[in-house]
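*Asks:* Kindly generate the corresponding structure for this input.
(one chain, ligands or ions: 1)
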Amino acid sequence: MRALVGTAVDCTGIKTDVAVIWEGGTIVDVVPRERLGDYDVDEIYGGRGYLVLPGFINSHTHVAMAKFRGIGEDLPTPQWLSEIIWPAECEWTPREIHRWALLGMAEVLSNGSTTINDHYFFAEEIAKVAEKLGVRAFVGQTVMDLVDFPMAAPEEGFRFFKRWNGKNPLVKPTLAPHATNTVSLELMQELGELARERSVLIHVHLAQSREEVLEVKRRYGTTPVRYLEKAGVLGKSLLGVHGVYLEDGDVRRFGRSGATLVHCPVSNVRLEARVPQVMKFETAGANVALGNDSPNPVGLMDMFQEMRIASLVQGITAGPSGPSGARKTFTWATMGGAKALGIRAGLIRSGYLADLILVNGRKPQFLPGENLYSHVVYSTRGSDVEMVFVNGEMVYRNGALPKLGKTLEDLWGEVEGGLSPQSP
Ligand SMILES: [Zn+2]
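*Replies:* Predicted structure coming up:
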């Protein structure tokens, strides 16, 4: 058995000075620290002043896009995609994807996420990287048929799904249609049938830009949410990402279906200078999760940053009396993601997955410590995370990635060395 000692914070409450004990991949108990001796614990980490949190669930990301960080920023979404991102993506090879996914996933992990939900090309390589690092990962091969983009060919999406379905309990395939304006109704219907047959998740970009909404209207004479409904994919197994340009009727329809809105606040602010009406989604019955989107345009794959910005911008869109608040945002980043992906994670209690992070709270910004939800959301950075455990296994410790046998600096050196041949 192993234990983390500190103040345990999850979205249901705060327990001061406790030991979180687990065996294998499951939490077995959370007890006052002085009762630690009742258990046969081999390894104990943390101590006074440390925070034990559920690992974050990054419910929408493209980790390999670490390669494009900072490139073409400040362009509107359609231009950013068609002029910068898509041409650059045409150059991908499996080897390059592997290299950058490793770097990106290590970044995500070291900043406190234990689960990712990735949506990208060469998904095979992303899945292999997740296995190497020990990350819990949901991985979808991006598919589209209304844009000529060979690496997003639908057959490859189906092939990837078949290869990885049931292969590794930590790495699960999803179905990943690109967006409502790049995938035909027929293909979306086909994906929906497979999703129902195999009880698998559908992960799709939804109303990220005005152009997307207009294109769906032009092609099908309807809205993005009605299009998803018509295709038979609107429901609890759907993760719709962004939802920035949905009107109230669509928000209600989406919410009634029990689908998940994955809110990516930093990406939305940078690309669209606008965020979805998240509270309306929640009121309508939708589940809400948080995602990091890609390092371009977000810049940093750190869920503390996403929570902080989500809380701040929600205060602007919902008004001072109705902001989401730190605790709510924290809930989206933990329980909301777990619910969306159907995993027993996001809470620190017995029977839940031992997907845990240890934050060093022995720093000035963690005092006075009266409102820890506020401290976690507004005062913590990914760099305050000292350890990360997934399924009970240590996968990150102060810059080191034990499963890989390398450090973050090693990975940086390997990639940076390839970028500049003259460097030592
Ligand atoms: Zn995205």
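*Asks:* can you list the domains in this protein?
*Replies:* 2-54+346-405, 56-341 (automatic domain parsing).
*Asks:* So for stretch 250-263, what gets flagged as buried?
*Replies:* 250, 251, 252, 253, 254, 255, 257, 259, 260, 261, 262, 263 (16 or more other CB atoms under 10 Å). Quick note: C-beta positions are derived from backbone N, CA and C, even for glycine.
*Asks:* Nearest residue to the fourth one in space, please, no chain neighbours.
*Replies:* If the residues on either side of it in the chain are set aside, residue 253 comes closest to residue 225, at 5.1 Å by CB to CB, 6 or more residues apart in numbering.
*Asks:* Which of the helices or strands spans that neighbour?
*Replies:* Residue 225 is part of helix 224-230 when elements are defined by DSSP states H and E.
*Asks:* what's in contact with that helix?
*Replies:* Contacts of helix 224-230 with the rest of the structure, by CB atoms under 8 Å, 6 or more residues apart in numbering, involve 180-181, 185, 188, 204, 206-207, 212-213, 216, 220, 222, 234, 238, 240, 246, 250, 253-254, 257.
*Asks:* mind exporting that helix as CSV, just the C-alpha atoms?
*Replies:* Output of helix 224-230 as CSV, limited to C-alpha atoms (Å, rounded to 0.1, in the frame of the first residue of the first chain):
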residue,chain,number,x,y,z
PRO,A,224,-25.0,22.3,-35.3
VAL,A,225,-26.9,20.7,-32.4
ARG,A,226,-29.9,19.7,-34.6
TYR,A,227,-27.4,18.2,-37.1
LEU,A,228,-25.9,16.1,-34.3
GLU,A,229,-29.4,15.1,-33.2
LYS,A,230,-30.3,14.2,-36.8
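*Asks:* so after it, what's the next helix or strand?
*Replies:* Per DSSP H and E, the helix or strand that comes after helix 224-230 is strand 238-242.
*Asks:* Could you pull up the mean pLDDT of that next one?
*Replies:* Averaged across strand 238-242, pLDDT comes to 98.
*Asks:* Tell me which other helices or strands it touches.
*Replies:* strand 56-61, strand 202-206, helix 224-230, strand 260-263 (3 or more CB pairs under 8 Å, 6 or more residues apart in numbering; DSSP states H and E).
*Asks:* Quick check: which of those is nearest to residue 20?
*Replies:* strand 56-61 (16.3 Å; CB to CB).
*Asks:* what's in contact with the closest one?
*Replies:* Taking CB under 8 Å, 6+ apart as the rule, strand 56-61 contacts 104, 108, 112-119, 203, 239, 241, 260, 262, 264, 289-294, 301, 303, 333-334, 336-338, 340-341, 343, 345-346, 357.
*Asks:* now with 6 Å?
*Replies:* 108, 112-113, 115-118, 241, 262, 264, 289, 291-292, 303, 333, 337-338, 340 (CB atoms under 6 Å, 6 or more residues apart in numbering).
*Asks:* Just give the nearest non-adjacent residue to residue 303, would you?
*Replies:* In space, residue 303 is closest to residue 56, 3.9 Å off (CB to CB, 6+ apart).
*Asks:* And that neighbour, how far from residue 193?
*Replies:* 32 Å (CB to CB, to the nearest Å).
*Asks:* Many thanks, have a good one.
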